[in-house]
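Peer 1: pasting a predicted model and its sequence here:
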Amino acid sequence: MAEPILSYKDLRVWQESVKLVELVYPLARRLPVSERYGLYGQLTRAVISVPANIAEGHGSSHRRVFVNHLSISKGSLMEVETYLVLIVRLGFARADEVAPVESQARLVGKQVNALIRSLRSPLPDP
């Protein structure tokens, strides 16, 4: 039997998005100082937004609000994926160094999409 969801911290999607943050930060720290207010700031703000919006949405007592926050998380995730592409294309990291982070971002994206679908489906009759 599955463990009950008592807190946003119990959500696998939140847990995996925190892992994504943990993967992004070491990569972001390798960016040149000249990117401190550019790519570094954009990337770190976007990646932090993913679990933060999941948590905030879970705290709402309305499904529609939760779905809205999950949609914001999804948008932030797309930003992160774009910044990862740019990091490679601009020569700040190799593709093989970024691949595990991209893989984690895809996993989180699938989980966010699944949770959105689940929340949008009608509630079963009691």
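Peer 2: Nice, thanks for sending it over.
Peer 1: host element of the residue nearest to the spatial centre of the chain?
Peer 2: What sits nearest the mean C-alpha location of the chain, by C-alpha atoms, centre = their mean, is Val50, with 3.6 Å. Counting by DSSP states H and E, the element that carries Val50 is helix 39-58.
Peer 1: and the angle from the helix or strand just after that helix to helix 39-58?
Peer 2: Using DSSP H and E, the helix or strand that follows helix 39-58 in sequence is helix 63-89. In terms of direction (axes from the mean of the first three to the mean of the last three C-alpha atoms, to 10 degrees), helix 63-89 departs from helix 39-58 by 160 degrees.
Peer 1: what comes up buried for helix 63-89?
Peer 2: By neighbour count on 16 or more other C-beta atoms under 10 Å, the buried set for helix 63-89 is 66-70, 72-74, 76-77, 79-81, 83-84, 87-88. Glycine gets a C-beta too; all of them are placed from N, C-alpha and C.
Peer 1: before we move on, the earlier item: got a list of contacts for the helix holding Val50?
Peer 2: 7-9, 11, 13-14, 17-18, 20-21, 24-25, 28, 31, 65-70, 72-73, 76-77, 79-80, 83-84, 86-87, 90, 92, 108, 112 (C-beta atoms under 8 Å, 6 or more residues apart in numbering).
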